[in-house]
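Asker: Next comes the sequence, and after it the predicted model I'd like to discuss.
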Protein chains: 2
Amino acid sequence: MATMHDVAKLAGVSVSTVSYALTGARPVSEKTRARVQVAMDELGYQPNAIARSLASRRTRIIAMLFPSIERGLSGTALEFVTAAAETARERGYHLVLWPIGDDEVGETRALIHQHLADGVLVMEVRLDDPRVGLLRESRTPFTLIGRTADSEALDYADIDFEATVRDALEHIVGLGHRHIALLSHSKTSHDAGYGPTVRVGEAFSRYMAEHGLGTVIYHCDDSADAGRAAVNELFDTNPEITALVTMNDSATLGAVAELLESGRRIPDDISVLSIVSSPRVGALSHPRLTTMSAPGPELGRLGVTSLIDRIESGDRAILHELVPCRLDLQATTGVPPDRAPYRRPRTANPS
Amino acid sequence: MATMHDVAKLAGVSVSTVSYALTGARPVSEKTRARVQVAMDELGYQPNAIARSLASRRTRIIAMLFPSIERGLSGTALEFVTAAAETARERGYHLVLWPIGDDEVGETRALIHQHLADGVLVMEVRLDDPRVGLLRESRTPFTLIGRTADSEALDYADIDFEATVRDALEHIVGLGHRHIALLSHSKTSHDAGYGPTVRVGEAFSRYMAEHGLGTVIYHCDDSADAGRAAVNELFDTNPEITALVTMNDSATLGAVAELLESGRRIPDDISVLSIVSSPRVGALSHPRLTTMSAPGPELGRLGVTSLIDRIESGDRAILHELVPCRLDLQATTGVPPDRAPYRRPRTANPS
């Protein structure tokens, strides 16, 4: 059976060039790649994960464990995936998405047992997440995009929800709003301990209390129709509300559409601030949404860099990184109606 | 070294049960799975892709070659992925997404050389697509979601763009519109021979000519901001237009927002029909979009079923399946302004 050395000799290149041509670990010119291919074909050489893994025990694949493909990749998650895929590529790795359905434990186990990935990125982390235990036991290197309740000993990169909610309320309360509701992800996600839902809810209650204000939190499925239903119910039961802080892109767009259809003006009657979102999603709406944009690209780069470092050199400093969302001021936040008289004349007569 | 037989014996189950527990090819109870796991741990048995592949030359993985993760997974693509992942699971396979960047040929080659997937689903197919040649040469089973210019000999499932555009124009022309523009995907995607852009453009020109009408086609990047810019330019140069047929979810939402912000009423001044879309995306908009929804779930099921049949029994009838989009009538299509007098009194006085 032909070896990689035979291929290198016939192609007139070094063994490592053959290896790079196969793994994509380093860039190789199309011409060289073609020469290697011809040599392989001639010798009947079959390079594959099997042979290579036996030699190196590496596949140069990073798998992203993604539980909720059904709910869709939000704009945030997409920017994350893009940055993660690029960073992996720069380091000679390939990122694959491993979507998992209802049998989360079984499918995480399947991924581990396949031995296909050198390392794993864990998305949509819950406070108590069974995937973490499985990965630790298997000694597969992994990085959380999110945090469990106790992540002291784990690598993670996450959104700084604490700072994000604080900044969101500073903006909204600073405009003069006193009656503010949070429109969040589903009750199911909250009860399952999904990190963002729990952490944003807690921070919202705490900061509202610090401002001397009461808390209204409305949980909502991730769809435009759920967002439409939510605002109807919310304003029926809490007609005094003048501002919504939202964390749920699809529901937010539905909510804004429904508010307009019911004759409410945004922001004159109701302000809307969409957090853990992006200007890209904000531009889908009329009026354009004021957002606090999620640090998807930063988290993607941080997570992959840390994971590859961990794969390539076991002992290194642990990754504990929290990145806040940034405010992008657009058309959906303004002063509440009871403050409006002080504003209206100025906008009506821009001398 | 322990074998699978040893594991089966110790666990008190059959060898095929051990195999099912490892591959997920058939459902196995948690209890049995745990027993197999304990036996494997005790014997130090390392089941992995390597050993299993050497035995069976199968990984039970289907890879989805996805070129444009950067542009995002549209609602359509997501529904496709969800259905494809579920169908694969039912057949004991796992679907992974293999995102590819600029070096399409290199990354397709990398996937082939990894020998990780038993079969490949090719997304975002162009009329002349180099991935097809690479996959054919490698003898990897594959199914196109889309079509090349000459796909006679290839398995494919695609949208019936011909029928979709015909039905779209029957609806719009039937309402009385004569000045209709197509807002499509980018010029780049057209020049690259991306199937939907080319086929919808051709069908639109042909059916408009059959109706005795001229053609305006506007190419637009896939973002809300591009859609906003597009309608401004479009109505500057073609103020007579009363209806938009759109195929570009993000751009459509931006276009509708911009039309409203510029004081145009939808559908009173401008009708909008979004094709290759979905009611789910339509609900994001105010007013709710009339759509022709893409058959994502059908295509996902068809593609995966055909691919697995192909993997498991080489010779079978070829898959040539075209599925049209279905009209979901909502709030953004109506009669053009010059027909409006006949309508207005009826809606204003609903006696």
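Answerer: Here it is on my side, so go on.
Asker: Could you tell me which ranges of the stretch 1-150 of chain A sit under the pLDDT cut-off?
Answerer: Low-confidence segments of the stretch 1-150 of chain A, defined by pLDDT under 70: A:1, A:23-26, A:46-57, A:68-76.
Asker: To clarify, my last question referred to the stretch 251-351 of chain A.
Answerer: A:315, A:340-351.
Asker: Kindly recompute the last result at 50.
Answerer: Scanning the stretch 251-351 of chain A for pLDDT under 50 picks out A:343-351.
Asker: ranges for the strands of the stretch 151-300 of chain A?
Answerer: Assigned by DSSP state E, counting those that start in this stretch, the strands in the stretch 151-300 of chain A fall at A:156-159, A:180-184, A:216-219, A:243-246, A:271-277, A:290-293.
Asker: so who does the most centrally placed residue in chain A touch?
Answerer: In chain A, the C-alpha nearest the mean C-alpha coordinate belongs to residue A:77, at 3.6 Å (Cα atoms, centre = their mean). Listed by Cβ atoms under 8 Å, 6 or more residues apart in numbering or on different chains, the contact set of residue A:77 reads A:123, A:296. Quick note: C-beta positions are derived from backbone N, CA and C, even for glycine.
Asker: Tell me the spacing between it and residue A:64.
Answerer: Using Cβ to Cβ, to the nearest Å, residue A:77 is found at 10 Å from residue A:64.
Asker: Ok, residue A:219 next?
Answerer: Using Cβ to Cβ, we find residue A:219 at a distance of 26 Å from residue A:64.
Asker: which parts of the stretch 251-351 of chain A sit against chain B?
Answerer: Contacts of the stretch 251-351 of chain A with chain B, taken as Cβ under 8 Å from any Cβ of the partner chain, map to A:253-254, A:256-258, A:260-261, A:280, A:283-288.
Asker: Would you list the phi and psi of the spatially closest residue to residue A:100 that is not a sequence neighbour?
Answerer: Ranked by Cβ to Cβ, 6 or more residues apart in numbering or on different chains and with sequence neighbours excluded, the top spatial neighbour of residue A:100 is residue A:107, at 4.1 Å. Torsion angles at residue A:107 (phi, psi; degrees, to the nearest 10) stand at phi -80, psi -30.
Asker: didn't residue A:107 look like it was pressed against residue A:130?
Answerer: No: between residue A:107 and residue A:130 there is no contact under Cβ atoms under 8 Å: 11.3 Å.
Asker: Which one of these two is surrounded by more residues?
Answerer: Neighbour comparison, residue A:107 and residue A:130: the larger count goes to residue A:107, with 20 against 11 (by other Cβ atoms under 10 Å in any protein chain shown).
Asker: list the contacts for the more buried one?
Answerer: Residue A:107 touches A:98, A:100-101, B:24, B:94, counting by Cβ under 8 Å, 6+ apart.
Asker: ok, which pair from those residues is furthest apart?
Answerer: A:98 and B:24 (12.5 Å; Cβ to Cβ).
Asker: Could you tell me which residues touch both of those two?
Answerer: Counting by Cβ under 8 Å, 6+ apart, the residues touching both residue A:98 and residue B:24 are A:107, B:94.
Asker: what are the ranges of the helices in the stretch 201-350 of chain A?
Answerer: For the stretch 201-350 of chain A, the helices defined by DSSP state H, counting those that start in this stretch cover A:224-237, A:249-261, A:279-282, A:296-312, A:340-348.
Asker: Tell me which of the ones you listed sits most buried.
Answerer: helix A:249-261 (a mean of 25; mean count of other Cβ atoms under 10 Å in any protein chain shown).
Asker: which other helices and strands contact that one?
Answerer: Here helix A:249-261 touches strand A:180-184, helix A:224-237, strand A:243-246, strand A:271-277, going by 3 or more Cβ pairs under 8 Å, 6 or more residues apart in numbering or on different chains; DSSP states H and E.
Asker: Nearest to residue A:121 among these would be which one?
Answerer: strand A:271-277 (18.3 Å).
Asker: got the angle for that closest one vs helix A:296-312?
Answerer: Counting by axes from the mean of the first three to the mean of the last three Cα atoms, to 10 degrees, strand A:271-277 points 20 degrees away from the direction of helix A:296-312.
Asker: where does strand A:271-277 sit relative to the chain's centre, distance-wise?
Answerer: 16 Å (Cα atoms, centre = their mean, to the nearest Å).
Asker: ok, now stretch A:156-171?
Answerer: With Cα atoms, centre = their mean, you get 15 Å for stretch A:156-171.
Asker: And for stretch A:234-252?
Answerer: 23 Å.
Asker: so which helix or strand takes in residue A:97?
Answerer: strand A:94-99 (DSSP states H and E).
Asker: Pull out the buried positions in that strand.
Answerer: A:94-99 (16 or more other Cβ atoms under 10 Å in any protein chain shown).
Asker: cool, stretch A:31-47 as well?
Answerer: Neighbour-count burial for stretch A:31-47 flags A:32-33, A:35-37, A:39-40, A:43, A:45, A:47 (criterion: 16+ other Cβ under 10 Å).
Asker: do stretch A:317-337 as well
Answerer: Neighbour count says stretch A:317-337 has A:319, A:321-325, A:327-328, A:330-336 buried, by 16+ other Cβ under 10 Å.
Asker: any idea how far residue A:202 is from residue A:334?
Answerer: Distance, residue A:334 to residue A:202, by Cβ to Cβ: 28 Å.
Asker: Touching both of residue A:77 and residue A:64, which residues are there?
Answerer: Contacts common to residue A:77 and residue A:64, judged by Cβ under 8 Å, 6+ apart, are residue A:123.
Asker: The residue lying closest to residue A:322 once chain neighbours are set aside: how many residues sit nearby?
Answerer: Here the nearest residue to residue A:322 in space, its sequence neighbours aside, is residue A:160; by Cβ to Cβ, 6+ apart that works out to 3.9 Å. Close neighbours of residue A:160, defined as other Cβ under 10 Å, add up to 17.
Asker: what's near enough to touch residue A:160?
Answerer: The neighbours of residue A:160, taking Cβ under 8 Å, 6+ apart as the test, are A:322-325.
Asker: Equivalent analysis for residue A:132, please.
Answerer: Applying Cβ under 8 Å, 6+ apart, we find residue A:132 in contact with A:122, A:125, A:142, A:144, A:148, A:154.
Asker: let's go with 10 Å and repeat that
Answerer: Residue A:132 is in contact with A:108, A:122, A:125-126, A:142, A:144, A:148, A:150-151, A:154, counting by Cβ atoms under 10 Å, 6 or more residues apart in numbering or on different chains.
Asker: Out of these, which end up buried?
Answerer: Looks like the contacts of residue A:132 have A:108, A:122, A:125-126, A:142, A:144, A:148, A:151, A:154 buried, using 16+ other Cβ under 10 Å.
Asker: among the residues you listed, which are in strands?
Answerer: The strands, defined by DSSP state E, take in A:122, A:142, A:144 from those.
Asker: I'd like the residues you listed as JSON lines, with distance to chain B appended.
Answerer: What follows is these, written out as JSON lines (distance: Cβ to the nearest Cβ, whole Å):
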{"residue": "A:122", "distance to chain B": "16"}
{"residue": "A:142", "distance to chain B": "17"}
{"residue": "A:144", "distance to chain B": "20"}
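Asker: now, which of these sits nearest residue B:267?
Answerer: Within those, the smallest distance to residue B:267 is 46.0 Å, found for residue A:122 (Cβ to Cβ).
Asker: Just list whatever residues bridge to the closest one.
Answerer: Note on residue A:122: beta-bridge partners by DSSP bridges are residue A:65, residue A:144.
Asker: Tell me which stretches of the stretch 1-150 of chain A form helices.
Answerer: A:4-11, A:15-23, A:30-43, A:49-56, A:75-90, A:104-114, A:130-138.
Asker: okay, these, which one's buried deepest?
Answerer: Highest mean neighbour count among the helices of the stretch 1-150 of chain A (mean count of other Cβ under 10 Å): helix A:75-90, a mean of 22.
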